[in-house]
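Q: model the structure of this input:
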Amino acid sequence: MLEILFYIIGALACISAGFILFTKNILYAAFALVVTLLCIAALYIFSNAEFIAVSQIMIYVGGIIVLIIFGIMLTAKIRDEKALVGSHNRFLAFASSAAIFVMLISVIGTINFTQYQAVTGSNLHKIGEGIMTDYLLPFELMAVLLLVALIGATAIASKKEGGTS
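A: Below is the predicted model:
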């Protein structure tokens with residue numbers, strides 16, 4: 001039963017990703033991206049990667065997609081036009097997509113999946129232990145970098161047109 005549900009969710013992710021590619025309405029594409037990301041999070045849960053699934057939902061679906069949708073809606077209101085896109089170079093897009101697909105299939109075909117063991121239980125404890133021991137310096141540097149970016153964005157946004165704030 002779980003295997004059938006896995007394939008149904010995988011097929012739904014592929015269908016919604018295809019809808020993103022072939023729709024001309026950007027807002028519909030953003031909502032299809034929400035469905036795709038939620039399906040990918042469900043596939044992470046099937047793979048016993050609960051932390052990555054929750055992180056994907058909170059970061060991408062909760063933050064990035066909301067930002068994209070607000071950007072689309074606010075931009076469409078400025079010009080009083082529908083947010084539609086067209087494809088200019090379909091052959092180049094198809095050729096590059098086919099090349100990447102062939103490359104991925106060839107790499108996946110060379111992997112020996114029998115040498116990997118299935119993970120049992122939750123891996124959240126291992127991730128937390130790794131972040132707080134082995135990867136503490138990169139974790140703290142990333143926090144400082146995000147703080148500097150936040151301060152810089154605030155400084156840029158608060159500047160008035162005539163000079164400094």
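Q: show me where this protein has its helices.
A: 2-22, 26-46, 50-56, 65-79, 90-110, 124-132, 136-158 (DSSP state H).
Q: out of these, nearest to Gln117?
A: Among the helices of the chain, the nearest to Gln117 by CB to CB is helix 124-132 (13.8 Å). Where you see a C-beta, it was placed from the backbone N, CA and C, and this is true even at glycine.
Q: avg pLDDT for the closest one?
A: In this model, helix 124-132 has a mean pLDDT of 83.
Q: stretch 36-44 now?
A: Confidence for stretch 36-44, expressed as mean pLDDT, is 94.
Q: in terms of secondary structure, what does the helix or strand bottoming out on mean pLDDT in the chain contact?
A: Using mean pLDDT, DSSP states H and E, helix 65-79 stands out as the lowest-scoring helix or strand of the chain, at a mean of 73. When contacts are defined as 3 or more CB pairs under 8 Å, 6 or more residues apart in numbering; DSSP states H and E, helix 65-79 sits against helix 26-46.
Q: related to what we said a few turns ago, closest to Tyr116 out of the helices of the chain?
A: Taking CB to CB, helix 90-110 is the member of the helices of the chain nearest to Tyr116, at 13.3 Å.
Q: angle of the closest one against helix 2-22?
A: Orientation note: helix 90-110 sits at an angle of 160 degrees relative to helix 2-22 (axes from the mean of the first three to the mean of the last three CA atoms, to 10 degrees).
Q: who are the packing partners of helix 90-110?
A: Packing partners of helix 90-110 (3+ CB pairs under 8 Å, 6+ apart): none among the helices and strands.
Q: just the CA atoms of it, as CSV, please.
A: Extracted C-alpha coordinates of helix 90-110, given in CSV (Å, rounded to 0.1, in the frame of the first residue of the first chain):
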residue,chain,number,x,y,z
ARG,A,90,11.8,26.0,-27.3
PHE,A,91,14.4,24.0,-29.2
LEU,A,92,17.3,25.2,-27.0
ALA,A,93,15.2,24.5,-23.8
PHE,A,94,14.3,21.0,-25.1
ALA,A,95,17.8,20.2,-26.1
SER,A,96,19.3,21.3,-22.8
SER,A,97,16.6,19.5,-20.8
ALA,A,98,17.2,16.3,-22.8
ALA,A,99,20.9,16.5,-22.2
ILE,A,100,20.5,17.0,-18.5
PHE,A,101,18.0,14.1,-18.4
VAL,A,102,20.4,11.8,-20.2
MET,A,103,23.2,12.8,-17.9
LEU,A,104,21.1,12.1,-14.8
ILE,A,105,19.9,8.8,-16.1
SER,A,106,23.5,7.7,-16.9
VAL,A,107,24.8,8.8,-13.4
ILE,A,108,21.9,7.1,-11.6
GLY,A,109,22.5,3.9,-13.7
THR,A,110,26.1,3.7,-12.4
